[in-house]
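> Requesting a structural model of the entry that follows:
(chains A, B, C and D)
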There are 2 protein chains.
Amino acid sequence: MTTSPLPAIKAGCATCSMHQLCLPMGLSDNDMARLDQVIGRRRRIASGERLYQMDAPFKSLYAIRFGHFKTSQINAAGGQQITGFQMAGELLGMDAISSERHQCDAVALEDSEVCEIPFDTLEGLFGEMPNLLRHFHRMMSGEITREQNVMLLLGNMRAEQRFAVFLTNLAARYAARGYSSTQFELRMSREDIGNYLGLTIESVSRLLSRFKTLGLLAVTKRAITLREPARLQALAAGTEQCSPLV
Amino acid sequence: MTTSPLPAIKAGCATCSMHQLCLPMGLSDNDMARLDQVIGRRRRIASGERLYQMDAPFKSLYAIRFGHFKTSQINAAGGQQITGFQMAGELLGMDAISSERHQCDAVALEDSEVCEIPFDTLEGLFGEMPNLLRHFHRMMSGEITREQNVMLLLGNMRAEQRFAVFLTNLAARYAARGYSSTQFELRMSREDIGNYLGLTIESVSRLLSRFKTLGLLAVTKRAITLREPARLQALAAGTEQCSPLV
DNA sequence: CGCGGAATTGAAAATACTCAAAATTAGTGG
DNA sequence: CCACTAATTTTGAGTATTTTCAATTCCGCG
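Presented below is the predicted three-dimensional model:
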């Protein structure tokens, strides 16, 4: 008996650590196998590379297997806005279904891997797999909710609260994936954070320094340690504030 | 021969002026009739009344037959953010599918009427009416795109540009419905506009005054006339600016 | 060791906010 | 239809948060 040296074994959703969060969530083994057949090749995207580009024709959704991405929009005058940071188990490209063109750029923040899911093939499954369809709707709906929360952040909160929301949101998402919610690496630059939060890079830097001085967190380069998650959550919720200078 | 005095005739999608924009877009007569059967009662919502409330269990989507709504989110500290203004032909409640609870309040801005669409019944149709499903996905995806554009607005634009985007967006949507794109009534208060745009009511008022002084528009109470739509679009696109004081 | 991008820090400036008051509009009842 | 009150909107003046501009500092990498 020899183990096959060939790449014939295409590990599917069942063996993917994200299948509890990702598109196949809640599917039977049988359904999951059918979904596997639909999922196209995996693609590796090196850090800084683009997965897809704004205005490019929409063919596929992408499920992140591992790694991190950012999505950003550009307006006529060249102003850019990062609309989200995505991590393993999340789906990219749903905003393109409407116009059949991508509405944003998706760029890998580190070496990453995605499953390509040709959308018209996926649509073919919906008629036969109501559970899949239901979860797909949940994911789209969740994306709408997530964006509404960002609108609340950008429209209503001061810099300090925005940053606290950003950190606690990351913490919660890492917790949901079984990682530490108090120690993690920022995958994005300060500039990306600032852009996402509607702040300048300088403001982000000052906020980090202030939170550090207040003992809320420790930061070394991009490594974050949340020292007082509860107070940070209070800041994020808006039930507490910290003075500009202490 | 007498005409029926009874309300037996339930006018369906086919006779609704919004069927080219709304959920039944592109359906065959036959499919549209089936959709009609699924659509529950119509509901009239008086100006200022709430169609649904945050955290309420999600049962139905609502298609606006006529009138205008606003949707808003509230955070822990009581901060409110209006996440959108909706008009005839648009769908309300898609953000609730994920959690099965409404994620925002929906309030009528004038006397309005909606079609109630029980979601689980609608789901039953998806398996048999792929065209309906496809258009539903387009509508959800379009909502995501719309919100990304608001994020761009809130995160990246100065007050002047935000307001120009707001006005040109309304103009385009009225045009799509066959109404004038240069003369329309604002259905929402200055306060609502400010909240939506991440500005104070005073700032909105000042912007209106400035645009008026610059000859970009005329405004009487809530009646708007765009006098220079092209320049307004240039402001919205960010390819032009107008000085703070002229 | 030195170069270059990223991040931090400081000081000045600007945009939008807050507070306050006046003006306009809408709603209500006589 | 008018008068009265409440709510909304406008306008002004001063303030505050965040930005801009500028100068360092830090760190990875050749």
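> tell me the domain boundaries of chain A?
Taking automatic domain parsing as the domain assignment, the ranges for chain A are A:13-153, A:158-237.
> and the longest one, is it in reach of chain B?
Yes: figure legend: domain A:13-153 in contact with chain B (C-beta under 8 Å from any C-beta of the partner chain); contacting residues A:73, A:75-81, A:83, A:94-99, A:103-104, A:123, A:126-128, A:130, A:133-134, A:137-145, A:147-152. (C-beta placed from N, C-alpha, C; glycine too.)
> Could I get the average pLDDT for the longest helix anywhere in chain A?
Among all segments of chain A classified by DSSP state H, the helix with the greatest residue count is helix A:130-156. For helix A:130-156, the per-residue pLDDT values average out at 95.
> Toward the C-terminus, what is the element adjacent to that helix?
With elements assigned by DSSP states H and E, the helix or strand that comes after helix A:130-156 is helix A:159-176.
> mind checking how far that following helix is from the chain centre?
Taking C-alpha atoms, centre = their mean, to the nearest Å, one finds the center of helix A:159-176 at 13 Å from the center of the full chain.
> residue boundaries of the helices in chain A?
Taking DSSP H as the test, the helices found in chain A are A:29-38, A:119-126, A:130-156, A:159-176, A:190-197, A:201-213, A:229-237.
> So which elements touch the last one?
In this structure, helix A:229-237 makes packing contacts with helix A:159-176, judged by 3 or more C-beta pairs under 8 Å, 6 or more residues apart in numbering or on different chains; DSSP states H and E.
> quick one: contacts of the helix it packs on?
Applying C-beta atoms under 8 Å, 6 or more residues apart in numbering or on different chains, the external contacts of helix A:159-176 come out as A:21, A:85, A:87, A:153-154, A:157, A:180-182, A:184, A:186, A:193, A:196-199, A:203-204, A:207-208, A:210-211, A:217, A:224, A:226, A:229, A:232-233, A:235-236, A:238, A:241-242.
> In chain A, which residue is most central in space?
Central residue of chain A (C-alpha atoms, centre = their mean): residue A:86, 1.3 Å from the mean position.
> For the closest residue to it other than its chain neighbours, the count of nearby residues, please.
Of all residues not flanking residue A:86 in the chain, residue A:69 sits nearest, at 4.6 Å (C-beta to C-beta, 6 or more residues apart in numbering or on different chains). Neighbour count for residue A:69, taken as other C-beta atoms under 10 Å in any protein chain shown: 25.
> Pretty sure residue A:69 sits against residue A:108.
Yes: because the distance of 5.6 Å satisfies C-beta atoms under 8 Å, residue A:69 is recorded as touching residue A:108.
> Now do the shared contacts for these two.
Among the neighbours of residue A:69, those also in contact with residue A:108 (C-beta under 8 Å, 6+ apart) are A:45, A:51.
> what about residue A:47, distance to residue A:201?
With the distance defined as C-beta to C-beta, to the nearest Å, residue A:47 ends up 20 Å from residue A:201.
> now residue A:94
As defined by C-beta to C-beta, residue A:94 lies at a distance of 29 Å from residue A:201.
> And for residue A:113?
In this structure, residue A:113 lies at 29 Å from residue A:201, with C-beta to C-beta as the measure.
> Also residue A:163?
Plainly put, residue A:163 is 12 Å away from residue A:201 if you go by C-beta to C-beta.
> Looking at those two, which is more packed in?
With neighbours defined as other C-beta under 10 Å, residue A:163 and residue A:201 compare such that residue A:163 has more, 26 against 14.
> Can you tell me which residues in chain A are near DNA strand D?
By the criterion of C-beta under 7 Å from any atom of the strand, the positions of chain A lying close to DNA strand D are A:158-160, A:198-200, A:202-203, A:206, A:220-221, A:244.
> what's the burial count for residue A:113?
16.
> One more: residue A:101?
Using other C-beta under 10 Å as the criterion, the residues surrounding residue A:101 number 14.
> so what's residue A:102 closest to, chain neighbours aside?
Among residues not flanking residue A:102 along the chain, residue A:96 sits closest, at 4.5 Å (C-beta to C-beta, 6+ apart).
> Now do the contacts for that neighbour.
With contact set as C-beta under 8 Å, 6+ apart, residue A:96 has these partners: A:58, A:102-103, B:141.
> okay, now the residue nearest to residue A:222 when sequence neighbours are not counted: neighbour count?
Spatial nearest neighbour of residue A:222, chain neighbours left out: residue A:186 (4.2 Å); criterion: C-beta to C-beta, 6+ apart. One way to gauge burial is a neighbour count; for residue A:186, by other C-beta under 10 Å, it gives 20.
> Retrieve the pLDDT associated with residue A:186.
94.
> returning to that earlier point: also near DNA strand C: which of the residues of domain A:13-153 next to chain B, exactly?
Among the residues of domain A:13-153 next to chain B, no residue lies close to DNA strand C (C-beta under 7 Å from any atom of the strand).
> now for the helix or strand of chain A with the lowest mean pLDDT, which elements pack on it?
Across the helices and strands of chain A, the lowest-confidence element by mean pLDDT, DSSP states H and E is helix A:29-38, at a mean of 86. Using 3+ C-beta pairs under 8 Å, 6+ apart as the contact criterion, the secondary-structure elements in contact with helix A:29-38 are helix A:119-126, helix A:130-156.
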